Structure formats: C-alpha cells, structure tokens
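**Q** Return atomic coordinates for the entry below.
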Amino acid sequence: ARYRNAGDMARQMAIEYLPRTTGFSKEVIAEGLDVLFRPFTEDALRAWLAEEKPATGVFDTDGKLMIHFMAGVLPPISVVSIVRGLFLHSAQLVKASHRDPVWPAMFARTLIEELPDLTDLLAVIWYNRSSDDAESIENLLFKSGDVYVVYGNDETIGAIETRLGQTQHCIGYGHRASAC
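**A** Have a look, this model is predicted:
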C-alpha cells in the first residue's frame, strides 16, 4: 500500500529515483507503481501464495538461501522475484543489477520497515563486477546459496549454472523480446 500512497516517502523516493535508471518520466513511474502494486492486497497475496507454493514444488526451499541475480532496470522484476522467494519461506539475498543498484534495496527496505521479521531474511547487495573483490564475492555467493534465480541473457544464466554444485538449483529467466 505504501507505493500506492502519494504521500508516502517510499513512493516519493521511487518516483524521484527511478527515472534516472529506467529512462521513464516521473509520471510514467507513478502510474507504473500504481499498476504494479494495485494487486498487492492481503486477499490477493494470500491467493498468489496458495497458487505459487504448489507450482514451485520441484524442490523444498523452506529454510534455504535463495540468491537472486537481477538484470536490467524494470522494477516489477525485482518486486515479483523477492515476493515469490519470501512466499517460499527462504532467506533472500538479492544481487542488484549494475544498471539499477538502488531500486531492489529501496523495495527491500520498505518491506522490512513494514514487516520487521524479514530483517534476517532479506538483504540486497551490489558490487562492481570489474572490481578487485568481485571474484571473492562471487565465490562466496556460489558457495552459499541453495537456489539461484537469475535474470539476464542466456549467456549469463549459463555462466552461473556452470558454477553451481549438484545440490544447488538454478531458475533462469533468459532473454525475452516483446513489442507493444
């Protein structure tokens, strides 16, 4: 509800920040937030949870660490990915996209403000992939996670899949093309 409330600081910050990374105007961002969060009512979330849990029964994520690799600059992707992961009762570590290192953290902060029990279950990181520590960070990420949700091109998904062990799972969302 906070991102639908015109007076809420979280919404105001999103409308101020997101045009810089998405290229959309503040007006388009404001409308987009309304559309994105309109279905996020308690009843709708309960129905989504009931639908989502059986659909992901391929593996048990309860109590596991789910690491998300975000791509691009479209806010709905990180929102849906984080919410779906929390539905599965797994801790969430979100690696923000280099093109938008802030929106996933803004959304996670808002969730934690509203639901403080999520403090130990949700974190967002960003690092420069060409930095000196990038390899160390990635080695730790690939040793730590149980389930990896990867958004990006097919090459990125393949590169991550090759670094995972036999008991780790990858859910990849590769290249998509769309037209209006």
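**Q** Let me see the ranges of the strands in this structure.
**A** Using DSSP state E, the strands of the chain run over 65-69, 91-95, 122-125, 147-151, 169-173.
**Q** export those strands to a markdown table and tack on mean neighbour count and distance to Ile77?
**A** (C-beta placed from N, C-alpha, C; glycine too.) What follows is those, written out as a markdown table (neighbours: other Cβ atoms under 10 Å; distance: least, Cβ to Cβ, whole Å):
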| stretch | mean neighbour count | distance to Ile77 |
| --- | --- | --- |
| strand 65-69 | 23 | 9 |
| strand 91-95 | 22 | 11 |
| strand 122-125 | 18 | 14 |
| strand 147-151 | 22 | 6 |
| strand 169-173 | 17 | 8 |
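**Q** which one of those lies closest to Ala10?
**A** strand 122-125 (14.6 Å; Cβ to Cβ).
**Q** Show me what that closest one pairs with in its sheet, parallel or antiparallel.
**A** Strand 122-125 pairs in its sheet with strand 91-95 (parallel), by DSSP bridges.
**Q** residues touching Thr119, list them.
**A** Counting by Cβ atoms under 8 Å, 6 or more residues apart in numbering, Thr119 touches Ile112.
**Q** what's the burial count for Ile137?
**A** By the measure other Cβ atoms under 10 Å, the count of residues near Ile137 is 15.
**Q** Do I have it right that it meets Arg129?
**A** No - contact between Ile137 and Arg129 fails when scored by Cβ atoms under 8 Å: they sit 9.1 Å apart.
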